[in-house]
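Undergrad: my questions are about this predicted structure, shown below with the sequence.
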Amino acid sequence: MKDTFKIRRSVLGIEGIDSSYNFTGDNESDTFHLGAFVDNNLVSVASFYFNPNPNFNIDNQYQLQGMATLENHRKQGFSRELLNVAFPIIKQNFCNLVWCNARIEARAFYEKLGFEVFGDEFEVEGIGRHVLMFREIN
Ligand SMILES: CC(C)(COP(=O)(O)OP(=O)(O)OC[C@H]1O[C@@H](n2cnc3c(N)ncnc32)[C@H](O)[C@@H]1OP(=O)(O)O)[C@@H](O)C(=O)NCCC(=O)NCCS
């Protein structure tokens with residue numbers, strides 16, 4: 001889990017705001033962290049938390065957080081690959097829905113991966129505009 005921090009911090013971290021890269025639930029037993037490596041170097045990470053969002057009328061849900069790829073490794077399919085590994089694991093844990101609070105700049109990326117927008121954009125103080133997105137896993 002600690003390995004994800006370096007990338008999260010450099011890609012998602014905002015000076016003075018720990019919550020931009022340090023998430024509640026990181027050490028929970030039902031949380032899982034995925035990473036993609038190039039030449040033994042971690043280049044892309046994503047983390048998944050057993051955490052229901054009350055906007056969705058489904059008991060078992062996973063939240064995606066900390067989706068980040070190092071800049072010089074982007075658009076090479078690493079994040080897609082991590083999500084495609086995660087979806088069956090989530091389903092195996094009896095969950096059919098994954099959601100995230102997506103930064104606006106990443107919205108089109110999530111849409112490519114089958115996520116849909118739920119509701120209006122909102123501001124996360126100090127971090128920026130976000131939108132709630134979800135994907136059903138069948
Ligand atoms: C968003 C992010 C995680 C995508 O990672 P990535 O490893 O480059 O993504 P992939 O290469 O797997 O991209 C999958 C698809 O989405 C597209 N895509 C990637 N980033 C995109 C973006 N910002 N906007 C639109 N499409 C995007 C890719 O072109 C690819 O499409 P294709 O299969 O048609 O070619 C990465 O750009 C990043 O770390 N951004 C900064 C941090 C961030 O915003 N994280 C999300 C926080 S909610």
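TA: Everything's here; your move. Numbers count the residues shown, from 1 in each chain.
Undergrad: show me the strands in the chain, by range?
TA: Using DSSP state E, the strands assigned to the chain run over residues 32-38, 41-50, 61-69, 97-103, 116-124, 128-136.
Undergrad: wait, which of those is closest to residue 8?
TA: For the strands of the chain, proximity to residue 8 was assessed by CB to CB; strand 61-69 is nearest, at 5.0 Å. To be clear about C-beta, it is placed using only N, CA and C from the backbone, and glycine gets the same treatment.
Undergrad: give me the contact list for that closest one.
TA: Strand 61-69 is touched from outside by 4, 7-8, 11-12, 21, 23, 33, 36, 43-53, 76, 78-79, 82-83, 86, 90, 93, 95, 97-101, 106, with contacts defined as CB atoms under 8 Å, 6 or more residues apart in numbering.
Undergrad: near the ligand, which residues of the chain show up?
TA: Residues of the chain lying close to the ligand (CB under 6 Å from any ligand atom) are 11-12, 44, 67-69, 74-80, 102-103, 105-106, 108-109, 112.
Undergrad: thinking again about what came up before, out of the strands of the chain, which one sits most buried?
TA: Stretch with highest mean neighbour count among these: strand 61-69 (a mean of 23; mean count of other CB atoms under 10 Å).
Undergrad: tell me the contacts of residue 112?
TA: Shown in contact with residue 112 (CB under 8 Å, 6+ apart): residue 80.
Undergrad: against residue 23, how distant is it?
TA: Computed as CB to CB, to the nearest Å, the residue 112 to residue 23 distance reads 24 Å.
Undergrad: for the protein, what's the longest helix?
TA: The residue-count maximum for a helix in the chain (DSSP state H) belongs to helix 78-92.
Undergrad: got a list of contacts for that one?
TA: By CB under 8 Å, 6+ apart, helix 78-92 touches 32, 34-36, 43-46, 48, 62, 64, 67, 69, 98, 109, 112-113, 135, 137.
Undergrad: which residues does residue 6 contact?
TA: Residues counted as contacts of residue 6 (CB under 8 Å, 6+ apart) are residue 42.
Undergrad: one more time with 6 Å
TA: Under the criterion of CB atoms under 6 Å, 6 or more residues apart in numbering, residue 6 has no contact partners.
Undergrad: distance of it from residue 85?
TA: Residue 6 is 20 Å from residue 85, where distance means CB to CB.
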